[in-house]
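Chemist: Structure for the following, please:
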Amino acid sequence: MIRLAPIPAGLPATVPFVGPETLERQAGRPFAARLGANENGFGPSPRALAAMQAAAGEVWKYGDPTNHDLTRALAAHHGVRPRNIVVGEGIDGLLGLLVRLTVAPGDVVVTSDGAYPTFNFHVAGFGGCLDKVPYRNDAEDPQALLDRVRQVGARLVYLANPDNPMGSWHDGTVIRTMLDDLPEGALLILDEAYAEFAPADALPDIDADDPRVIRMRTFSKAYGMAGARVGYAMGHPDLIAAFDRVRNHFGVNRIGQAGALAALQDRDWLARTVAQVATARARIGAIAGDNGMTALPSATNFVAVDTGRDGAFARGLVDALAAEGVFIRMPGVAPLNRCIRISCAPDAELDILAEALPRAVAAVSRA
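Modeler: Numbering: from 1, shown residues only. As a prediction, the model looks like this:
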């Protein structure tokens, strides 16, 4: 008999997300439009592709365990010191390491009910206790998060800005105020996975040496490299150095490092992608409107669409669109689950959505 340690022995054998590949295998066919994972279908910079292709010939070598070149390029990009940066296997990997570093069994961690479930997965996996507050007006509620941190003495509090799954965002001054009101000893995890799509005033001006916050960024979204699994965190040098105690030092592969470094240097491609995403958001909004639904404002590369109905109707749309070969997702908690979430994509995939959505709405309305 296999004996597990006490904490994982008490957890369900589930993952936060069912991947589209699993759904394709279940359906026995590929999706015609992949619009559910918030990937960047406009693709990575050609310079990043060339760098990764060149690095593939040296894939027999381990990647640099210090991520030296990428770390220094990121530090220069953000105007901070290399000691303020740690590179990891996407934000997901970095969240897991941070929780391992800071949460002991029984420690309380505050987040929003309906926010990024992978963070919750890590907290549960290390024995932490999740305490959740509801969204307010389809956005995470900084004041409610702060109030709960004070009430329960939380070590960590998680906030995404811009937010997933709703696409909403707060002005940077709101984040600064939240940080200034944070109880002593608490750490704000500021997930900025969608920062490149956000208005400039959504990104707060925070000293990288501020010990009250750790900011997380990724190459999965605007840079179009979700499959490469490269992310990074910025924070106080003492916290950043602590990652060396627990991280997988060869976790970021050689090809991913090369691609991320080249992508970071191609500012023109990034600007082009951001513009394409904005155009796609507008089109998704128009498609939603044509079908009697409302697109919520978004500062991300996806759009939360208010169906005007309930969670059962939204779930029906997700399933009906899957039957049409269109992969989308939806928030999992009421009242957010009245919405469906559609990732931005090139016109060819949005054409498929535009054709399939009226049939899906009709099918669910008849059910």
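
Chemist: which stretches of this protein form helices?
Modeler: 6-9, 20-27, 46-56, 68-78, 90-102, 117-125, 142-152, 172-180, 237-242, 254-265, 267-290, 311-323, 347-366 (DSSP state H).

Chemist: Now the ones you listed in JSON lines, please, with extra columns for mean neighbour count, mean pLDDT and distance to residue 341.
Modeler: No exception for glycine: its C-beta is placed from N, CA and C like everyone else's. As requested, these are exported to JSON lines (neighbours: other CB atoms under 10 Å; pLDDT from 0 to 100; distance: least, CB to CB, whole Å):
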{"stretch": "helix 6-9", "mean neighbour count": "11", "mean pLDDT": "92", "distance to residue 341": "30"}
{"stretch": "helix 20-27", "mean neighbour count": "13", "mean pLDDT": "93", "distance to residue 341": "13"}
{"stretch": "helix 46-56", "mean neighbour count": "17", "mean pLDDT": "98", "distance to residue 341": "26"}
{"stretch": "helix 68-78", "mean neighbour count": "17", "mean pLDDT": "98", "distance to residue 341": "29"}
{"stretch": "helix 90-102", "mean neighbour count": "22", "mean pLDDT": "98", "distance to residue 341": "18"}
{"stretch": "helix 117-125", "mean neighbour count": "19", "mean pLDDT": "96", "distance to residue 341": "13"}
{"stretch": "helix 142-152", "mean neighbour count": "18", "mean pLDDT": "98", "distance to residue 341": "22"}
{"stretch": "helix 172-180", "mean neighbour count": "17", "mean pLDDT": "96", "distance to residue 341": "23"}
{"stretch": "helix 237-242", "mean neighbour count": "16", "mean pLDDT": "98", "distance to residue 341": "32"}
{"stretch": "helix 254-265", "mean neighbour count": "23", "mean pLDDT": "98", "distance to residue 341": "25"}
{"stretch": "helix 267-290", "mean neighbour count": "17", "mean pLDDT": "98", "distance to residue 341": "10"}
{"stretch": "helix 311-323", "mean neighbour count": "19", "mean pLDDT": "98", "distance to residue 341": "9"}
{"stretch": "helix 347-366", "mean neighbour count": "16", "mean pLDDT": "97", "distance to residue 341": "13"}
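
Chemist: nearest to residue 227, of those?
Modeler: helix 254-265 (8.9 Å; CB to CB).

Chemist: Distance from that closest one to the middle of the chain?
Modeler: Distance of helix 254-265 from the chain centroid (CA atoms, centre = their mean, to the nearest Å) equals 19 Å.

Chemist: just so I know, which of the helices of the chain lies nearest residue 38?
Modeler: Taking the helices of the chain one by one with CB to CB, helix 267-290 is closest: 10.7 Å.

Chemist: List the contacts of that closest one.
Modeler: 40, 42, 44-47, 196-197, 222-224, 263, 294-295, 298, 301, 303, 305, 342, 344-347, 350, 353-354, 357-358 (CB atoms under 8 Å, 6 or more residues apart in numbering).

Chemist: quick revisit: could the helices of the chain go into JSON lines alongside distance to residue 161?
Modeler: JSON lines is the format used below for the helices of the chain (distance: least, CB to CB, whole Å):
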{"stretch": "helix 6-9", "distance to residue 161": "30"}
{"stretch": "helix 20-27", "distance to residue 161": "26"}
{"stretch": "helix 46-56", "distance to residue 161": "26"}
{"stretch": "helix 68-78", "distance to residue 161": "16"}
{"stretch": "helix 90-102", "distance to residue 161": "13"}
{"stretch": "helix 117-125", "distance to residue 161": "14"}
{"stretch": "helix 142-152", "distance to residue 161": "9"}
{"stretch": "helix 172-180", "distance to residue 161": "6"}
{"stretch": "helix 237-242", "distance to residue 161": "19"}
{"stretch": "helix 254-265", "distance to residue 161": "21"}
{"stretch": "helix 267-290", "distance to residue 161": "17"}
{"stretch": "helix 311-323", "distance to residue 161": "24"}
{"stretch": "helix 347-366", "distance to residue 161": "26"}
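
Chemist: what's around the residue lying closest to residue 308 once chain neighbours are set aside, how many residues?
Modeler: Of all residues not flanking residue 308 in the chain, residue 293 sits nearest, at 6.1 Å (CB to CB, 6 or more residues apart in numbering). Applying other CB atoms under 10 Å, we find 20 residues neighbouring residue 293.

Chemist: How about residue 126?
Modeler: Residue crowding around residue 126 was assessed by other CB under 10 Å; the count is 18.

Chemist: what's the distance between residue 240 and residue 208?
Modeler: Look at residue 240 and residue 208: by CB to CB, to the nearest Å, they are 9 Å apart.

Chemist: Which neighbours do these two have in common?
Modeler: When CB under 8 Å, 6+ apart defines a contact, the residues bordering residue 240 and residue 208 alike are 84, 234.

Chemist: how near is the residue lying closest to residue 58 once chain neighbours are set aside to residue 44?
Modeler: Nearest residue to residue 58, sequence neighbours excluded (CB to CB, 6+ apart): residue 254, at 6.5 Å. Distance from residue 254 to residue 44, counting by CB to CB: 16 Å.

Chemist: And for residue 192?
Modeler: Distance of residue 192 to residue 44, given as CB to CB: 19 Å.

Chemist: I figured residue 317 hits residue 361, correct?
Modeler: Yes: using CB atoms under 8 Å, residue 317 is in contact with residue 361, at 6.9 Å.

Chemist: who's in contact with the residue lying closest to residue 143 once chain neighbours are set aside?
Modeler: Leaving aside its chain neighbours, residue 143 sits nearest to residue 178 (7.8 Å; criterion: CB to CB, 6+ apart). When contacts are counted by CB under 8 Å, 6+ apart, residue 178 touches 142-143, 145-146, 159, 188.
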